[in-house]
Every structure is written in structure tokens, then in C-alpha cells.
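S.K.: sequence? don't have it. structure:
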């Protein structure tokens, strides 16, 4: 009979690594088991865990769950740390620290036998191996000759060893069973056949040929008009348009267009899912460990094939649709002027613009109406101003300035919509290099021009008799109206002067600010503080002004020509500037009044021309002179509001309270700024 498992004999007690004995496991059987089950050799024994008497038993559950960490280090505890040697230079005994290699323990070491292939030893070894091969070959031939002398004629002297078993090796072959072939055929019902008959006369053939001939002529004239920049007449458009098949034409219906646009946006978002995830949810976690610094995350680059050789001359976000922005294309180079273009992009479809409009001259500026969100005012290089309605599918402006109704004679550098007044018609302002600030009124049939102000030259030295004979007008570069005072506006000129003006006093300046030495490219009022505005110039500087003080209160030298500057819509102390070396500079005056929090290069071998903040999302868009617009996401350190931290359960801060807090932040900066004018 086989011995039963689980007995007491033949076992050794195991001991753990720390010296404590393991719990004893006793394998017994339950008394209720039957005799048949005891005789079954395959029945599993019952395991009982016996605790040794010397084991600690009064530990609680929390003490049992505690983890005791043990750290392994490379330090040898046997190395002495108190070796003292006499230092003859210092004439005293000094303790010698252990060396870096004293803690090294070598467990295995073996010398290699690699030889250089051109050394004498390597050549000797090669000759030795060749000699061994020759001896082996000679030995095989000798053995074969002896076998031939003994009478074995089947031995091949030149045969090589195959590595097979030479005693019981045999070659075998097998043939598989071939499956029988089956033929299967299927018979289908023939398609229904219907008889059709029609009669064609000679005049039907003539009418069909004439219709096709007229359509081709209209297409050729349309191509010729596009090359010359003209517009199509209604008769030509009716000829070119394909004939509609009535209300049942679902392919060309408006609903089909909306469905295709939604499908295109979904496909684009699926293709660029990683960028959209970063745009919505990714935050730079490193901002928590670097106070006073930030970064910009590149998202999308908006461009088309038709705008690669043009420069981005204007950017404008739509005030109602926060994902839609317009881009104006032209050229700042006098010798490379051509046609212009306006593209309206959206963040929902980054692959292709939603609307495209072309102009005869290069676009220099544009602005969306704050209330009528579809109206877009445009200024061109040839002095023309236009108004587009982006809802129209035709490539024509609804209003255009002409010589008869009034027109600028030089490039229009800036346009600005006036707030809508129920008692007045829609109007906007423009400034040009011809020295005029004009007000454009949209009447029912035409765009009327009302001269608002002439920019007269200002003497830099009042008592200089040679400068008193200056005549002519100063070239205007930029204009901006105060959001707190409707009549107050500021103007920047090509001479580097900034003039404060009023609609009520169009004949003279209220104040002239001297600080820039080259053309002033941009002027922007602070959206929170009523007295502060910012300016940038080609003289590499960005200056902050208080309109009650004739000199700048802060100045920043960025090392290159500054193309554009913009206040942030969420903080009164944050602004962004772009330079001609392709860098974006983001300042937060509440954090650092001297250096930017972020100075990041966005494009290579290109100049940045314009920048715009989004009013809702934490992103900016920057345009360059290669026809591209890059979108960048601000890290958390670059969009701080500097507001008091609310307690849990407290009500959120209202908009009026937020504006008051931002005004106080800017007021503290003004009080801390140097009140002394700069030295000559």
C-alpha cells in the first residue's frame, strides 16, 4: 500500500532569511472524512497554519499594515572613515576622507584576448589557423587513400561533412491526400428590360449645341475677368451657373451645404485630435516650479497656397463668434505691390478658410463691427476703403470708396468702427499716410467721406527759426479711440510723434507726446484703466504712457523692430509684443516690471507683423511676412488675473468688481513708476 501524504516523517523545518522560523504548516485530514476518501491518493490535504510560540502576536492591524523601508546604498560599511595622516604642508594631522573607488567591490574580472588584425600576433594566429585547416585536409585525404587501398571505392575524397547521422540516417518522403474538386454555379434572374423611344429633330440638336456654345463663352469671359480683377455681371453669372432641376435638387441645396460643412469640421477635428486635446485640456505643469516665467504652446498654423507669397498685414477676431478671425494679406514693400486677399478662419476647421475675398490692392487693415458682427471694414494700399458682408457668398464688397464720394491718396493704415448709435447711420474712421483722418458714413447707396482732421507737422524745437517754416501734413500710421471717453482718441505718425485729439476740437492737438524716434506702428488704450495707453515703434521700443503726462512712464527695449503690441483682455498689467526676429514677448508688470515673463521664438527666417488676443480662450494668434498665422496657447503663469483668492463657498467676483481690481493694480504701477522725465 502506498504511504499516505501529510504524515509527520521525512520533513525539515525551513528558516526565513532573517533567522525567524516560518509558521509551521500541518497537513491533516478532517475526522469526518470517510474511509473511501482516505484511501483516495488524489484527495488534497487540509492545510493548517501553526504559529510559533516566539512570534509576536499582540500587533494590531494598523501595525501590521505599516511598511518599513530599507534603503540599499553602495557604501561599504567595512571601509574606515577615521584614517588620519600627517600633512607636511599644513604641519598637522588631518583626517583623510575615503576615496571614490574604495567602495568598489570586484566580483568577477577576466582579461580579454582581442588582437588588432594588423598586428604581428594576429597574423601569427591567422597563419596558425590556416595551418590547422591544411593539416585537417591532409589527414582526410590520407584516410580516404587508405580506405581506397582497402577496397572501398564509394568514398568521395572531396565530400564535405553534412552533419547528419552516418549510422542510422535514412531519407523518407510522404505524399498528402488531395481534396476532390467541386464545381458550384449560381443562376440569377436577368435584369428587367424596357423599351424607350424618342424623336429628335434638327432644331433640337441646334438648340443643344447653341446652349453648350454660350456656356463655354461665359466660362472663358469669367476666367478673363478673374485675371483682370473685374467682377461678373448678373447675365454672365446666370449663363455660367448650372441649370437647376427644381426644388428636388438635394445635392446643391442649402441643407446639403450645411451638412458637408459639419462633416468637414468633424473630419478635421478627428485628424488633429491631439492638438484639439492640448487646446482644451493641456496645462504646463512646470509653471508651478518656475515663478516669474511662462511658455507658449504652438497649436495650429493657418495658411493657404494662394497667400504664401503675401504678408500678413492685419488680424481681427470676431466680437461675437469667438472662434472666427479675419486675416488681411498684402505687402509692406513698395516695390512688391499686388492684389490683396481676406481670409476668415475658424478654430473649428483649421485646414481651410471659411470665407475668401480678393481685392485689387493689398489689404493693410481690417476691423469687425462690434454690434453688426458680419460687417468687416477694410483699408487698402491704394487708399480705398471697403465694407464686406461675410454672409454674402459673392466676392464683392457692399460699399466701396470712389473718387467721386471721397478717397485717400495714400495707404490706409488703420480703420476703427464707431459704436452703433440708433439715431445715426453706421460709420467708421480711417487714418492714412496722406495726413487725413476721415469718417466714413454708410448711407443707403454709397459710402460718404467726411474729413475729420488733418495731421499737421509739429516742431521739435520751439525756438528754432529754421523749423518754423515747416509745411505739409504728417503721415498717420495708427489710431485708437478711448473706451471710457467717446470723443478722445490718439494718433501715431511716421515722425514718431503721438497726438492726443478730440472729435470736438478737430483743428488742433490736445497734447503731443515725444518719445519715439521712428514711425509709431501701433497705439492701444488700456481696456481697464482710462488714462493708460501703450505704443510700439520701429525704434525697437515699447512705451507705456499716462495721457496726463507728456513723457513715457515705462519703456522696454526689445532689441528689434516691434511690429505690433496688444493689451490682454483679462488683466490690466499683461501685454504682448512681436518683433522682426520672429519672437513673441509677453510681459506681466505685476510680476516683473523690467523683463518679459516669456520670450519665445515662434517662426524661423520670418518676421512677425501682428498679434491678437482671444477674448475668451487663453490663446493668441501671430502673423508673419510669409503668409502664415500661428496660434499659441498661454501657460498658466502668463494669464494670471492677480485677484484675491476666494474662500470655499464664497460668491464669484462680479465683472464690475473685477474691473475695479484691475484698475487698482494699474494705479499701483503708476504710483510706483518713476515720475521724472527722461534726460535729454
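M.R.: Structure received. The shown structure was predicted, so the numbers you read here are calculated from the model rather than taken from an experiment.

S.K.: now do the helices in this structure.
M.R.: Using DSSP state H, the helices of the chain run over 35-39, 61-65, 120-150, 202-228, 234-240, 254-271, 273-281, 655-672.

S.K.: reformat the ones you listed as CSV; add mean pLDDT, distance to residue 638 and mean neighbour count.
M.R.: Every C-beta, even on glycine, is put in place using the N, C-alpha and C of the backbone. Shown next, in CSV, are the helices of the chain (pLDDT from 0 to 100; distance: least, CB to CB, whole Å; neighbours: other CB atoms under 10 Å):
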stretch, mean pLDDT, distance to residue 638, mean neighbour count
helix 35-39, 53, 78, 10
helix 61-65, 83, 45, 7
helix 120-150, 90, 65, 11
helix 202-228, 85, 44, 11
helix 234-240, 56, 49, 12
helix 254-271, 86, 26, 12
helix 273-281, 83, 16, 13
helix 655-672, 83, 16, 15
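
S.K.: out of these, nearest to residue 390?
M.R.: helix 254-271 (14.4 Å; CB to CB).

S.K.: who touches the closest one?
M.R.: Applying CB atoms under 8 Å, 6 or more residues apart in numbering, the external contacts of helix 254-271 come out as 250, 276, 348-352.

S.K.: tilt between that helix and helix 273-281?
M.R.: For helix 254-271 against helix 273-281, the angle between stretch directions is 90 degrees (axes from the mean of the first three to the mean of the last three CA atoms, to 10 degrees).

S.K.: how near is the residue lying closest to residue 491 once chain neighbours are set aside to residue 484?
M.R.: Counting by CB to CB, 6 or more residues apart in numbering, residue 499 is the residue found nearest to residue 491 once chain neighbours are left out, at 4.8 Å. Distance, residue 499 to residue 484, by CB to CB, to the nearest Å: 19 Å.

S.K.: these two: which has the busier surroundings?
M.R.: A side-by-side neighbour count of residue 499 and residue 484, using other CB atoms under 10 Å, places residue 499 first with 22 against 12.

S.K.: about what we covered before: which members of the contacts of helix 254-271 are classed as buried?
M.R.: 276, 348-350 (16 or more other CB atoms under 10 Å).

S.K.: need the max-distance pair from these.
M.R.: Pairwise over the buried ones among the contacts of helix 254-271, using CB to CB, the maximum falls at 276 and 349, 11.5 Å.

S.K.: tell me, what's touching the two both at once?
M.R.: With CB under 8 Å, 6+ apart applied, the contact sets of residue 276 and residue 349 do not overlap.

S.K.: one step back: any chance of CSV for the helices of the chain, columns distance to residue 341?
M.R.: CSV is the format used below for those (distance: least, CB to CB, whole Å):
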stretch, distance to residue 341
helix 35-39, 93
helix 61-65, 70
helix 120-150, 73
helix 202-228, 13
helix 234-240, 21
helix 254-271, 21
helix 273-281, 25
helix 655-672, 37
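
S.K.: please name whichever of those helices is nearest to residue 410.
M.R.: helix 202-228 (24.7 Å).

S.K.: and the nearest residue to residue 449 once chain neighbours are set aside, how many neighbours?
M.R.: Using CB to CB, 6+ apart and skipping residues adjacent in sequence, the residue nearest residue 449 is residue 406, 2.6 Å away. Using other CB under 10 Å, residue 406 has 17 other residues around it.

S.K.: I figured residue 406 hits residue 438, correct?
M.R.: Yes. When contacts are counted by CB atoms under 8 Å, residue 406 is listed as touching residue 438 (7.2 Å).

S.K.: quick one: low-confidence ranges for the stretch 401-550 of the chain?
M.R.: Applying pLDDT under 70 to the stretch 401-550 of the chain flags the ranges 420-423, 459-471.

S.K.: quick check: residue 483 vs residue 666, distance?
M.R.: 14 Å.

S.K.: ditto for residue 489
M.R.: Distance from residue 489 to residue 666, by CB to CB: 20 Å.

S.K.: how about residue 484?
M.R.: 13 Å.

S.K.: repeat that for residue 187.
M.R.: Taking CB to CB, one finds residue 187 at 88 Å from residue 666.

S.K.: residue 312 and residue 363, how far apart?
M.R.: In terms of CB to CB, residue 312 sits 10 Å off from residue 363.

S.K.: oh, that last question was meant for residue 178, not what I typed.
M.R.: 78 Å.
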